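> Pasting the sequence and the predicted model now:
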Amino acid sequence: MSGRVVTNIKGCLKTNVLTLLTLAGVFGGVILGIALRPPGSEKWAQRDAMYVGFLGELFLRMLKALILPLIVSSLISAVGNLDLSLSGKIGARAIAYYMVTTVIAVIIGIILVVSIHPGQGNDEGIHKDEASSRDTTTADTLMDLVRNMFPPNLVQAAGFQYQTLLTRPTDEELAAYREKVGNDSAEMPKEMFKISGNYREGSNIIGLVVFAIVFGIVISMMKKQGEILLQFFTAMSEAMMYLTRIVIWLSPVGVCFLIAAKILELESFSVLLGQLGMYFLTVLIGLTVHGFVVLLLLYTLVVRKLPFGFVANIVQPLATAFGTSSSSATLPLTIAALEEKNGVDPRIARFVLPIGATINMDGTALYEAVAAIFIAQVRGVTLGLGQIIAISITATAASIGAAGIPQAGLVTMVMVLDTVGLPAGDVSLILAVDWLLDRFRTTINVLGDSLGAGIVNHLSKRELEKMGAHDGDVIKVENGIEATQM
Ligand code: 7O9
């Protein structure tokens with residue numbers, strides 16, 4: 001017994017050391033970047049920056065390797081280990097939390113951008129790239145999202161996402177169209193372009209998540225017959241967490257070099273102080289208010305406990321989210337921190353967090369709403385209440401669907417701009433600061449997912465206890481067997 005206490009204390013010390021090291025990695029990366037490229041000097045050649053970022057790149061590759069087997073096995077094992085009615089309840093609680101918090105995030109963003117008014121109504125001085133136009137319509141994008149939920153081939157879904165393609169008319173077709181409408185400078189509307197589809201590189205995470213959840217439900221309905229599969233996926237999920245606990249130790253170094261390399265290849269820092277400065281600040285204030293006031297308040301009210309200990313325990317994944325700007329790459333570390341330090345039941349963490357990483361992006365929703373209205377302000381377009389509501393709805397939808405849309409970052413932003421008739425190319429107005437805002441909003445995304453898991457865990461505690469204690473390793477399969485025998 002005392003041996004266990006000693007190992008517990010050792011483990012506790014170990015994990016805090018890791019948190020401190022990761023934070024040191026973030027600051028070390030900033031300092032290293034600035035030291036290698038003093039303010040005012042030219043950006044580094046891409047190749048040289050790549051050398052500096054190499055260790056960070058390796059770290060990111062290792063994390064990404066964990067994601068696919070981890071989410072599939074975790075979801076199947078978590079859903080399979082729960083009673084059907086209970087997994088339904090837990091899922092509903094999580095979805096309710098995601099909806100409420102995302103809507104609040106968008107509202108905060110809109111209130112701030114309308115009252116701060118960062119776009120002065122002239123676009124001089126903002127660096128513009130060549131406008132990139134996109135042919136697919138918003139309806140196409142949303143239907144692709146639904147198509148991606150049902151992949152026809154699971155092996156293909158591990159590497160490719162479906163995307164609708166519209167083909168512009170050939171010269172002859174255009175001429176025929178112009179003749180028909182009797183106007184020789186008319187453009188053919190997008191709706192008349194030829195439709196085809198192709199598979200783009202990038203995992204179809206939404207499809208895999210949907211399949212894994214349904215598969216978990218089926219295994220749980222099969223009772224005894226499904227036990228061997230449940231054991232397999234539970235052991236798989238454990239193995240991936242073991243791997244995570246190894247890779248986690250690379251995060252200080254990885255985060256440090258990722259950030260340093262990013263600083264080396266930046267165009268310039270001055271955009272942060274110029275016209276985009278106010279926009280940058282607006283998003284940053286919004287993210288801070290949402291993440292550190294609203295979400296923490298919500299946690300305190302629901303769980304009836306101060307949230308600071310909980311947050312202190314997830315600083316390590318938060319710092320990694322900042323360093324990698326990817327909430328999915330951070331997911332293994334988020335699960336580990338919640339289970340091992342915050343005592344969240346693995347059946348909750350492994351069920352709710354992969355879904356949260358996929359569809360719950362408060363920071364992204366807030367950012368997209370602010371960005372669209374900022375661009376309208378810069379363009380001198382006045383938006384009515386109806387248009388602002390339309391932006392909120394699309395920004396919410398875009399944040400939920402991002403993982404199911406190929407090339408989500410740009411595409412979803414264009415979708416939001418589209419709702420108020422702003423041209424796709426205007427995305428380029430904000431690209432200069434996007435890399436940094438991405439890091440901040442990813443951190444808030446991970447914070448939102450984690451607090452959500454904590455809240456759902458609290459709300460579901462009694463039901464979980466009724467189902468049987470659970471201690472996070474393969475033993476839980478036995479609980480599953482007991483449950484099915486009753
Ligand atoms: C941000 F569930 C998982 F973990 F397996 C999972 C894997 C991949 C979940 C999601 C994804 C995924 O591909 N997500 C995705 C997210 C794809 C495209 C865009 C985004 C949006 O990302 C955020 C943003 O840009 O605002 C942010 N960088 O949270 O990672």
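Yes, it's here.
> show me where pLDDT drops low in this structure?
Low-confidence segments of the chain (pLDDT under 70): 1-2, 11-15, 121-134, 469-486.
> Return the residues of it in contact with the ligand.
Contact residues, the chain versus the ligand (C-beta under 6 Å from any ligand atom): 67, 71, 205, 325-328, 331, 354, 357-358, 361, 364, 402-403, 408-409, 438, 441-442, 445. The C-beta positions use only the backbone N, C-alpha and C, and glycine is treated the same way.
> can we see that at 8 Å?
Residues of the chain lying close to the ligand by C-beta under 8 Å from any ligand atom are 67-68, 70-71, 202-203, 205, 208-209, 321, 325-331, 354-355, 357-358, 361, 363-364, 367-368, 399, 402-403, 405, 407-409, 412, 438, 441-442, 445-446.
> Can you turn the buried part of those into a ChimeraX selection?
To isolate the buried subset of these in ChimeraX, counting by 16 or more other C-beta atoms under 10 Å, use the following:
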select :67,68,70,71,203,205,208,209,321,325,326,327,328,329,330,331,354,355,357,358,361,363,364,367,368,399,402,403,405,408,412,438,441,442,445,446
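> Which ones among the residues of the chain next to the ligand map onto strands?
With strands defined by DSSP state E, no entry of the residues of the chain next to the ligand lies inside them.
> Distance-wise, check the residue lying farthest from the centre of the chain relative to the ligand.
Farthest-out residue of the chain from its mean C-alpha position, per C-alpha atoms, centre = their mean: residue 182, at 48.4 Å. Counting by C-beta to the nearest ligand atom, to the nearest Å, the gap from residue 182 to the ligand is 44 Å.
> count of residues packed around the closest residue to residue 137 other than its chain neighbours?
Spatially, and ignoring its direct neighbours in sequence, residue 137 is nearest to residue 190 (5.8 Å; C-beta to C-beta, 6 or more residues apart in numbering). A count of nearby residues for residue 190, using other C-beta atoms under 10 Å, gives 13.
> Restrict stretch 346-353 to CA atoms and write it as PDB.
Output in PDB follows, covering the C-alpha atoms of stretch 346-353 (Å, rounded to 0.1, in the frame of the first residue of the first chain):
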ATOM      1  CA  PRO A 346     -12.100   6.800 -19.100                       C
ATOM      2  CA  ARG A 347     -15.500   5.800 -20.400                       C
ATOM      3  CA  ILE A 348     -16.400   9.500 -20.400                       C
ATOM      4  CA  ALA A 349     -13.000  10.900 -21.600                       C
ATOM      5  CA  ARG A 350     -12.600   8.400 -24.400                       C
ATOM      6  CA  PHE A 351     -16.200   8.800 -25.500                       C
ATOM      7  CA  VAL A 352     -16.600  12.600 -25.200                       C
ATOM      8  CA  LEU A 353     -13.200  14.000 -26.100                       C
END
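> Residues contacting that stretch from elsewhere in the structure, which ones?
74-75, 77-79, 81-82, 87, 90-91, 94, 237, 331, 334-335, 338-339, 449-450, 452-453, 456-457, 460, 464, 470, 472, 476 (C-beta atoms under 8 Å, 6 or more residues apart in numbering).
> Now it: buried residues?
Neighbour-count burial for stretch 346-353 flags 346, 347, 348, 349, 350, 351, 352, 353 (criterion: 16+ other C-beta under 10 Å).
> contacting residues around the closest residue to the ligand within the stretch 1-150 of the chain?
For the stretch 1-150 of the chain and the ligand, the shortest gap (C-beta to the nearest ligand atom) falls at residue 71, measuring 4.1 Å. Neighbouring residues of residue 71 by C-beta under 8 Å, 6+ apart: 205, 208, 209, 212, 331, 354, 357.
> Pick the one among those closest to residue 20.
residue 331 (22.1 Å; C-beta to C-beta).
> Out of the buried residues of stretch 346-353, list just those in helices.
Counting by DSSP state H, the buried residues of stretch 346-353 place 346, 347, 348, 349, 350, 351, 352, 353 in helices.
> The residue nearest to residue 137 is in contact with residue 166, isn't it?
Yes. The pair residue 190 / residue 166 is scored as a contact, 6.3 Å apart, by C-beta atoms under 8 Å.
> joint contacts of those two?
135, 136, 137.
> Would you mind measuring from residue 396 to residue 368?
Separation of residue 396 from residue 368 (C-beta to C-beta, to the nearest Å): 9 Å.
> what about the helices in the stretch 51-200 of the chain?
Counting by DSSP state H, counting those that start in this stretch, the stretch 51-200 of the chain has helices at residues 84-116, 138-149, 154-157, 171-181.
> list the buried ones in the first one?
Which is helix 84-116. Residues of helix 84-116 classed as buried: 86-87, 89-91, 93-95, 97-98, 101-110, 112-113, 116 (neighbour count, 16+ other C-beta under 10 Å).
> Alright, calling it a day.
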